[in-house]
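>>> Build the 3D model from these lines:
(2 chains, ligands or ions: 1)
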Amino acid sequence: MKKIVLAIALCATLALAGESGGSFDQSKFIPDVSLIVDTGYVHRNVSNADLENSVPTSKYGDYGTFKEFNTNNGFNLNYAEMALHSNVDQAFELDGIFHYATESVEIEEAYFTTKALPYSFRVKGGKFKSDFGRLNSQHAHVWDFADAPLVYNSFLSPEGINAPGVQFQWLAPTPWYMKLGFEAMQKGNGGTFANDFDKKDGEALYVGYLKNSFDVKDASLLFGVSYANGVSNIEDAVSALPIYKGNSEIYGADLSVKNYFNSYSFINWQSELLYRDMKSDDATIDKDKKQSGYYTQLVYQMDENWKTGLRYEGFLQDSNGGKTTMDASYKTSEFAQLRLQYSHDEAFKQNDVKKAIDEIVLQLTFAIGAHGAHSF
Amino acid sequence: MKKYILALLFLLPLTLFANLSVAVTYPYIGALTKAIGGDKVDTVVLAKGNWDPHFVVPRPSLIAKVRDADALIMNGGQLEIGWLPPLIDRASNPKIATNAKTFLDLSQHVELLQKPTSVDRSGGDVHPDGNPHFHLDPNNILILAGTVKEFLISIDSQNSAEYEKNYAQFSDMWNKKLDMWKTNMTDKKGLKVVQYHNVMAYFNHAYGLTSIATIEPLPGIPPSSKHTMELIELIKKENPCCILHDVYHDTKTAEFISEKSEIKVVIMPHDVGALDTIEDLVSLFDYLTSAVK
Ligand SMILES: [Zn+2]
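The predicted structure is shown next:
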């Protein structure tokens, strides 16, 4: 109920700000507003109920959900995302990103960013998506596929590391692009760093990363390493019983080579490997766990309209199989995209039976309002 | 300790005489800044002259390029909307913040044409503040040179005499060229042209050419067969002299139209570096004013 009130208040404020005029006109101060709507139609060889009972075939793939969008066979309204952005003053800018699902509203992100710190320092604070790895900070509408890689969903949860905290970033004075970042967060959403029970007071998760990029002719090379260290207090979603308690570390390495042929066409090869080391405090609940997962993908944008991609991914230890995903998307303009995706996923079993999940998704994504920046 | 002082003494002259480092978005702004700044200014150009100015690739390497800039000059008029804001945002350099004295938006200093009274994206990816390709009117180049001069003086008054001198030289030279280009173009007045995107609006305005249609059905939307067929009919009726085509879009559709309607396709470079032979602003307008026939 509160959430709905919040949403209505927000819309009313915007509407009022837009209408006032005359001597005390405030309309010039309306922040940049945009709305993104994502819908999908799904056809899958596994029923909705069986999908919910999916268990990774890999022994150590637990502690994470594997799907957030396009969960149902048939029509899905995945989300509507409203984003507000404006300078606060000469020192700060502010971003608010509100995630509307059919029956809930969530503050996906709400954070300030500094504008005027010396020596290439930047500080962000509030609730935000961590800059861990290559994909965690990306919003779903800029993904190259309809879903995030399994290892991201498993280790970092479908929402990724996204929590209240503070972020420090520094650009090194090197001739190439080099960014060093550090974050302290209250907890890390679901996934590895869930803090569901016996909550530790204060912040519980620390993230650090180093990202580099340089160009060779019209190709850009990006490579980074990331590290997360935090408390894991995970309880079973259904029974609410504690299932894991301890300290967890995640190491990440990513590499991509993106070559532009002209202003509209590129090919991008991108790969990432995550390694998770969980040390249990209480062996009566569960044991230590080590696991790693990866994805590698090739995306080709032909022109302003057409784009296609191929991704292979999986887990390394004790995994039964991987997942292959292919997609093709067509844009009628920068603001509307239609995507057709097929995936074949052997990484799960349902009701103790190994069964590959074959899925076709037709996804439509629209954006209205302020012109978003092109992603890289 | 002594070593430090010694090192400082050596470094001091370097910082005292260090050039102003100015980052600019497009090559033509780089050429202007070089002309006025002379050897007091180092320019860093972000975009490639032969690629689409609306779709500059926001590579992370560009962040490193603006990270230590002393100033930033951009075209404005929302031409950079898709790529520059995140660079400014991530570069964490207060000197290139939009409210800084060391930030210059050129579009604020010239009269923009084709300001839409209302905008709606069903009309394509329109430029809401008016057509931002104003540097293609050579008369505007003179105004922009003056703007860049005032800007450099305002942030580096020590070298104002130098900037004044360079500006005087540039405007002398440019005025002579303007007369020449005007003579070249007098008999072109009233010619009808077709374009891919309305990049040449200011050039056409300066020399009295009339742009009757574009190959893209709506701004920023790639050609469609329906629109292309309509365009061929229009060309047969209106008899334009030629299709003015940019260097970065595929000329496939233009060539098809050319075949069907016997109209010439003329490649029009939009910026310094758009073609190998376009090395500076003078060669850009030399080329443009002799290309339309
Ligand atoms: Zn344009």
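
>>> confidence score at the residue nearest to residue B:272 when sequence neighbours are not counted?
Setting aside the residues directly before and after it, residue B:272 is nearest to residue B:27 in space (Cβ to Cβ, 6 or more residues apart in numbering or on different chains), at 4.1 Å. In this view, the C-beta of every residue, glycine as well, is placed from N, C-alpha and C. As predicted, residue B:27 sits at a pLDDT of 98.

>>> thought residue B:27 was touching residue B:275?
No. Under the criterion of Cβ atoms under 8 Å, residue B:27 is not in contact with residue B:275, lying 11.9 Å apart.

>>> Of those two, which one has the most company?
Using other Cβ atoms under 10 Å in any protein chain shown, the more surrounded residue of residue B:27 and residue B:275 is residue B:27, with 25 against 17.

>>> With residue B:65 as the reference, measure out to the nearest residue to residue A:375 once chain neighbours are set aside.
Once flanking residues are discounted, residue A:375 sits nearest to residue A:142: 4.4 Å by Cβ to Cβ, 6+ apart. Residue A:142 sits 23 Å away from residue B:65, going by Cβ to Cβ, to the nearest Å.

>>> if I look at the residue nearest to residue B:272, how far off is residue B:43?
10 Å.

>>> quick one: residue A:115 and residue B:95 touch, right?
No. Counting by Cβ under 8 Å, residue A:115 does not reach residue B:95; the two are 11.4 Å apart.

>>> So between those two, which is more surrounded?
Ranked by neighbour count (other Cβ under 10 Å), residue A:115 and residue B:95 place residue A:115 first, with 22 against 19.

>>> What does the more buried one show for phi and psi?
phi -120, psi -20 (degrees, to the nearest 10).

>>> And the closest residue to residue B:39 other than its chain neighbours, what's its pLDDT?
Nearest in space to residue B:39, with sequence neighbours left out and distances taken as Cβ to Cβ, 6+ apart, is residue B:19 at 7.5 Å. Looking at residue B:19, its pLDDT is 90.

>>> Same check on residue B:16?
You'll see residue B:16 listed with a pLDDT of 50.

>>> Equivalent analysis for residue A:347, please.
81.

>>> What is the neighbour count of it?
By other Cβ under 10 Å, the residues close to residue A:347 number 25.

>>> now residue A:375
For residue A:375, using other Cβ under 10 Å, the count is 12.

>>> For it, give me its contacts.
A:138, A:142, B:58 (Cβ atoms under 8 Å, 6 or more residues apart in numbering or on different chains).

>>> which one of the residues you listed sits closest to residue A:292?
Proximity of the contacts of residue A:375 to residue A:292 (Cβ to Cβ) peaks at residue A:138, which lies at 21.2 Å.

>>> Identify the residue spatially nearest to that closest one, adjacent ones excluded.
Per Cβ to Cβ, 6+ apart, closest to residue A:138 is residue A:375, 7.4 Å.

>>> tell me which element residue B:176 falls in.
Element membership of residue B:176, judged by DSSP states H and E, is helix B:160-185.

>>> Packing partners of that helix?
helix B:27-37, helix B:138-155, helix B:281-291 (3 or more Cβ pairs under 8 Å, 6 or more residues apart in numbering or on different chains; DSSP states H and E).

>>> Residues contacting the next helix or strand after it, please?
Next in sequence after helix B:160-185, counting helices and strands by DSSP H and E, comes strand B:192-195. The contact list for strand B:192-195 (Cβ under 8 Å, 6+ apart) reads B:200, B:204, B:209-215, B:231, B:235, B:238-245, B:257, B:263, B:292.

>>> and the gap between residue A:367 and chain B?
10 Å (Cβ to the nearest Cβ, to the nearest Å).

>>> What of residue A:235?
38 Å.

>>> partner residues bridging that residue?
Note on residue A:235: beta-bridge partners by DSSP bridges are residue A:242.

>>> Over to residue A:300?
Under the criterion used (DSSP bridges), residue A:300 bridges to residue A:267, residue A:308.

>>> cool, and residue A:274?
residue A:252, residue A:293.

>>> Which pLDDT value belongs to it?
The model reports residue A:274 with a pLDDT of 95.

>>> Quick one: neighbours of it, just the number.
26.

>>> How about residue B:179?
Close neighbours of residue B:179, defined as other Cβ under 10 Å, add up to 10.

>>> where are the low-confidence patches of the stretch 201-350 of chain A?
A:318-320 (pLDDT under 70).

>>> tell me the strands in it, going along the chain?
Secondary structure of the stretch 201-350 of chain A (DSSP state E, counting those that start in this stretch): strands located at A:205-216, A:219-235, A:242-260, A:266-280, A:289-301, A:306-315, A:323-333, A:336-345, A:348-350.

>>> Buried residues in the second one, which are they?
By that I understand strand A:219-235. A:220-222, A:224, A:226, A:228-235 (16 or more other Cβ atoms under 10 Å in any protein chain shown).

>>> quick one: which of the residues you listed is nearest chain B?
residue A:220 (4.8 Å; Cβ to the nearest Cβ).

>>> Quickly list what the closest one is bridged to.
residue A:215, residue A:258.

>>> if I look at it, how far off is residue B:86?
From residue A:220 over to residue B:86 the distance is 15 Å, taken as Cβ to Cβ.

>>> which parts of the stretch 151-300 of chain A sit against chain B?
A:169, A:171, A:173-178, A:211, A:213-215, A:220, A:222, A:260, A:262-264, A:266 (Cβ under 8 Å from any Cβ of the partner chain).

>>> What's the PyMOL syntax to select whichever of these are buried?
To isolate the buried members of these in PyMOL, using 16+ other Cβ under 10 Å:
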select buried, chain A and resi 169+171+177+178+211+213+214+215+220+222+260+262+263+264+266
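
>>> Can you name the residues that contact the closest residue to residue B:149 other than its chain neighbours?
In space, residue B:149 comes closest to residue B:167 once its chain neighbours are excluded; the distance is 4.2 Å by Cβ to Cβ, 6+ apart. Residues near residue B:167 by Cβ under 8 Å, 6+ apart: B:36, B:145-146, B:149.
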